[in-house]
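1. sequence plus the predicted model coming up.
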Amino acid sequence: MADSTGSHLQRQTVFKKDKKWVYRIPSLFYERESETLLAFAEQRKSYKDASSKHLVMSRGRMKEENNSIEWSAPTQVKKAHLYGHRPMNPCPLYEKTSKTLFLFFICVKGTCSEQDQILNNKNKARLCYIKSNNGGQSWSRVTDLTKKLHEIRTWATFAVGPGHGIQTEGGRLIVPMYRYVWKSKQEQHPNALYLFSDDQGVNWHLSSIIEKESLECEMAEVSDDTGLKVIYCNARSRKSYRVEALDGAGFTILEQDETLVEEGCQGSVVSFPAQSEVSIDNDQSQNLNKWLLFSHPSDKSKRIDLGVYLNETPLKSKTWSKPWIMNSGPSGYSDLAYIGEGRFVCLFECGESDEIEQIASVVFSYSDVKRGIEVDDQE
């Protein structure tokens, strides 16, 4: 009988907990021309958010002979830093025309926690990025956008991603975000939105918000057979299920899909060309129709059993498949990348006893997902 889990996949460690450091918050970028993967994470003194010290990076090369990745040793991204602040939430995106890699992140003053900022309505976060024109071999100085975006002054706090940003086919750069607005000590409202640029990253603006309560998010550009293109957002919630929305002229919230359970964790979403059932392992990059994959722990109450969900009609509500369990056991934050020819890479938190023991990668295909879902349906 075929295996409905991802136990046959090769799991490779990218960042591993040791006596000095804990690694959390994975973020992944794939550069198609050089066929290079860049993995980012927070390097922390402990599991606590306030203990973050550096952003780190590892460079990966695909090894076609065994469908694995050759990862370099982690290095600190030293330019991702503001004095007196800790860097958090790496979020890379790529501008194709200028071939510029942006690494967005937030810098939070001292050890002030997100909860303290929210409860006291005192924002200690800065919106920052560095950029590279040589694939992350070297980086620019930090650009701090905080003062240029006046809306931030009204927020209790905010963050980008975490995960990856995107560039649409029309050229717009999109950085997923969420922010908290303080109403009272008893009431604070989180909402997802995005930062965008239409001039290759020279000027940046904020989108409208998702009116429904929503937190950490990722976005993807989806389209149907007619070529209609829409931005799709999948966001964390404080409720039992994920929040989904489509952005046309402002966000429209999709009907709640109870397949996408929420126990309180970040998730990742990526779009990819619709795959032909006749030849699902060949590149279908010219297809107008774009589908979605989503990764997230599949349990209703614990961070366990990382599931990969498929959506072949993302412009409609309640069209997600059941999860294919890609990683059984403790599983946390994740980030997906589509690398072409029906193949994907997932970078995710996992371990034997808890999900913060390591950040690992897995290469898998659309075929793996499809088979896993079908086997699960048969059982």
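-> Now that the structure is in, tell me what you want to look at. Keep in mind that this is a model prediction, so the values were computed, not measured.

2. any idea how far the most centrally placed residue in the chain is from residue 238?
-> Centroid-nearest residue in the chain, with C-alpha atoms, centre = their mean: residue 163, separated by 2.6 Å. Distance, residue 163 to residue 238, using C-beta to C-beta, to the nearest Å: 19 Å. To be clear about C-beta, it is placed using only N, CA and C from the backbone, and glycine gets the same treatment.

3. what's the answer for residue 75, then?
-> Residue 75 is 36 Å from residue 238, by C-beta to C-beta.

4. equivalent analysis for residue 48, please.
-> Distance, residue 48 to residue 238, by C-beta to C-beta: 20 Å.

5. over to residue 179?
-> According to C-beta to C-beta, residue 179 and residue 238 sit 15 Å apart.

6. isn't the residue nearest to the centre of the chain up against residue 266?
-> Yes. Counting by C-beta atoms under 8 Å, residue 163 touches residue 266, with 7.0 Å between them.

7. which neighbours do those two share?
-> residue 216 (C-beta atoms under 8 Å, 6 or more residues apart in numbering).

8. the residue nearest to the centre of the chain: what's it in contact with?
-> By C-beta under 8 Å, 6+ apart, residue 163 lies in contact with 27-28, 91, 176, 216, 218, 266, 268, 335.

9. mark out where each domain of this protein begins and ends.
-> Dividing the chain into domains by automatic domain parsing, as the record does, gives the ranges 19-209, 218-379.

10. closest to residue 12 out of those?
-> domain 218-379 (5.1 Å; C-beta to C-beta).

11. how far away from the center of its chain is that closest one?
-> Relative to its chain's centre, domain 218-379 lies at 11 Å (C-alpha atoms, centre = their mean, to the nearest Å).

12. so for that domain, mean pLDDT?
-> Domain 218-379 carries an average pLDDT of 91.

13. which positions in the lengthiest helix in the chain come out as buried?
-> Counting residues, the longest helix found in the chain (DSSP state H) is helix 366-378. Burial within helix 366-378, assessed by neighbour count using 16 or more other C-beta atoms under 10 Å, is assigned to 366, 368-370, 372-373.

14. swap in stretch 52-69?
-> Going by 16+ other C-beta under 10 Å, stretch 52-69 has these buried residues: 52, 54-60, 62, 68-69.

15. returning to what we had before: now for the longest helix of the chain, which elements pack on it?
-> strand 304-311, strand 324-340 (3 or more C-beta pairs under 8 Å, 6 or more residues apart in numbering; DSSP states H and E).

16. any idea of the angle it forms with strand 324-340?
-> Put simply, helix 366-378 runs at 160 degrees to strand 324-340, going by axes from the mean of the first three to the mean of the last three C-alpha atoms, to 10 degrees.

17. which residues are contacting stretch 240-249?
-> 192, 207-208, 210, 212-214, 230-237, 251-254, 256-258, 260-262, 267, 296, 300, 315, 317.

18. need the buried ones from those selected in PyMOL.
-> Typed into PyMOL, the line below selects the buried ones among the contacts of stretch 240-249, using 16+ other C-beta under 10 Å:
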select buried, resi 192+207+210+212+213+214+230+231+232+233+234+235+236+237+251+254+256+257+260+261+262+267+296+315
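
19. out of the contacts of stretch 240-249, list just those in strands.
-> Counting by DSSP state E, these place 192, 230-235, 251-253, 296 in strands.

20. dump those to JSON lines, plus distance to residue 354.
-> Below are the ones in strands among the contacts of stretch 240-249 laid out as JSON lines (distance: C-beta to C-beta, whole Å):
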{"residue": "192", "distance to residue 354": "27"}
{"residue": "230", "distance to residue 354": "38"}
{"residue": "231", "distance to residue 354": "34"}
{"residue": "232", "distance to residue 354": "31"}
{"residue": "233", "distance to residue 354": "29"}
{"residue": "234", "distance to residue 354": "25"}
{"residue": "235", "distance to residue 354": "25"}
{"residue": "251", "distance to residue 354": "35"}
{"residue": "252", "distance to residue 354": "38"}
{"residue": "253", "distance to residue 354": "34"}
{"residue": "296", "distance to residue 354": "17"}
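
21. what's the closest of the buried residues of helix 366-378 to residue 273?
-> In terms of C-beta to C-beta, no member of the buried residues of helix 366-378 lies closer to residue 273 than residue 366, at 9.8 Å.

22. and for that closest one, nearest residue in space, chain neighbours not counted?
-> Take residue 366 and drop its neighbours on the chain: the residue closest to it by C-beta to C-beta, 6 or more residues apart in numbering is residue 342, 4.2 Å away.

23. picking up where we left off before, next one: phi and psi at the residue nearest to the centre of the chain?
-> Per-residue torsions, residue 163: phi 130, psi -140 (degrees, to the nearest 10).

24. same check on residue 114?
-> The phi/psi pair for residue 114 (degrees, to the nearest 10) is phi -60, psi -40.

25. repeat that for the one 5 residues further on.
-> According to degrees, to the nearest 10, the main-chain angles of residue 119 amount to phi -70, psi -30.

26. quick check, pLDDT for it.
-> For residue 119, pLDDT reads 93.
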